[in-house]
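Chemist: Just to be clear, the model below is a prediction. Sequence and coordinates:
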Amino acid sequence: VSPNDVCLIHACRLMDILSKRDLCVLLTACICHDLDHPGYNNTYQINARTNLAVRYNDMSPLENHHCAVSFKILSSPECNIFTNLSPEEFKEVRGDMIILILATDMARHAEILENFKQKLDNFDYSSEDHLNTLKMILIKACDISNECRPLLV
């Protein structure tokens, strides 16, 4: 997912639009979006009543788990790439990462895509809401793009 995100960032010149912090959050979310994936999808998790489904009340159990594992790893001093952020900045980064990782739940695909389509005609690059929607579309596009790649990549 991360290599595809880098390609999209460069191909669409997003480094001229998104802040360095937004780019960092987007790339970090791409790296973390499937951490500790058990190999079974959310539907299985919920129907089998797995510990993850129970823990997250059947609400995006895998994506919530990926977020939790991400921030567990980032909480260790040797892995905390956000160590120099103020508590308020870290809270914002954490919130942004959670939004992006949760956006990879395919159960929300139609909702997020429709939200993006509604903004397209009057897309406002100065709107935080519009940029968050764009970043959600980017991580989703990169997440599902593996299906389009040749097998010998």
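Modeler: On my side now, so go ahead.
Chemist: can you pull the buried residues of the host helix or strand of Q45?
Modeler: Q45 is located in helix 42-47, with elements delineated by DSSP states H and E. Buried residues in helix 42-47, defined by neighbour count with 16 or more other CB atoms under 10 Å: N42, Q45, I46. Just so you know, the C-beta spots here come from the backbone N, C-alpha and C atoms, and that holds for glycine as well.
Chemist: repeat for stretch 66-73
Modeler: H66, C67, A68, S70.
Chemist: can you list contacts of the lowest-mean-pLDDT helix or strand in the chain?
Modeler: Taking mean pLDDT, DSSP states H and E as the measure, the chain has helix 2-11 as its least confident helix or strand, at a mean of 77. For helix 2-11, contacts defined as CB atoms under 8 Å, 6 or more residues apart in numbering pick out 14-15, 18, 23, 26-27, 30-31, 138-139, 141-142, 145-146.
Chemist: Buried members of those into ChimeraX, please.
Modeler: Here is the ChimeraX selection string for the buried members of the contacts of helix 2-11, based on 16+ other CB under 10 Å:
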select :14,18,23,26,27,30,138,139,142
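Chemist: taking the contacts of helix 2-11 one by one, which sit in helices?
Modeler: Among the contacts of helix 2-11, DSSP state H puts L23, L26, L27, C30, I31, L138, I139, A141, C142 in helices.
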